[in-house]
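Undergrad: A predicted structure for the sequence below; I have some questions about it.
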Amino acid sequence: MIRNPTAAPTPGELVLLDSAAVAERAGADGEFAAAAHRILAELVTAGAALGWLEPPSAQEVAGLVDQVLARSRAGDGALRAAYVDGQLAGFGYWLRHRRPTHRPHADLEKLAVSAAAQGRGIGRALTAALIADARAAGIEVLTLDARGDNADALHLYFSLGFTEYGRLPDYVAVGERRYDKVFAMLDLRRA
């Protein structure tokens, strides 16, 4: 169940925060960045396809959070965080493209849900909220890329209206293993 973040949550209830609410938490004591670091470190250690071979440092994640929040304040991004029982369960963000000819468009750059919270619809809720934020910001096309073996993520994105528009075979290198890089898009002008 998704609820209004200003009401008192019931146990197990999903609370979605937008960029402004996350900024309050991030600025208060660094709790959000620390919790995001724990999730990313856990997932990357388990082999998740999030762009790192080794878990990012706490400082790298704090810098990433600061960058995303700054871009969000400028209208060039959106960050969403999902909390269950007061604990960060997942987060995701998109950023508007910087190139002048691509400014109407954005890229869904990261979506991460803690292993313990997976399978509860949190990734779907986060992605749907990020899509709504993109629409509200006037984004015309929201893109993303995913590792080809990340079937659960691809299924989620395709079920929300994304379509594959390209694939680079054996592009992603993880040690000796190679995976396709899958590109997907959601045309918000038509959706």
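TA: Nice, thanks for sending it over.

Undergrad: tell me the mean pLDDT for stretch 113-121?
TA: Across stretch 113-121, pLDDT averages out at 95.

Undergrad: end to end on it, go ahead and measure it.
TA: Length of stretch 113-121, first residue to last, CA to CA, to the nearest Å: 10 Å.

Undergrad: what comes up buried for it?
TA: Within stretch 113-121, the residues that count as buried by 16 or more other CB atoms under 10 Å are 113-114, 117, 120-121. From N, CA and C alone the C-beta is placed, and that goes for glycine too.

Undergrad: so which of the residues you listed is the closest to Leu79?
TA: Comparing the buried residues of stretch 113-121 against Leu79 with CB to CB picks out Val113 as the nearest, at 14.6 Å.

Undergrad: thought Ala89 was touching the closest one, still the case?
TA: Yes. If you go by CB atoms under 8 Å, Val113 and Ala89 touch, sitting 6.4 Å apart.

Undergrad: list the residues that contact Gly47.
TA: Val174 (CB atoms under 8 Å, 6 or more residues apart in numbering).

Undergrad: the residue nearest to Val113 when sequence neighbours are not counted: how many residues sit nearby?
TA: Of all residues not flanking Val113 in the chain, Gly90 sits nearest, at 3.5 Å (CB to CB, 6 or more residues apart in numbering). Neighbours of Gly90 under the rule other CB atoms under 10 Å: 25.

Undergrad: following element in sequence after the strand or helix carrying Gly90, please.
TA: According to DSSP states H and E, Gly90 maps onto strand 87-96. Toward the C-terminal end, the helix or strand that comes next after strand 87-96 (DSSP H and E) is strand 105-113.

Undergrad: mind listing residues that contact that following strand?
TA: Here strand 105-113 makes contact (CB under 8 Å, 6+ apart) with 36, 39-40, 43, 48, 50-51, 77, 82, 89-97, 122-123, 126-127, 130, 134, 137, 139-144, 153.
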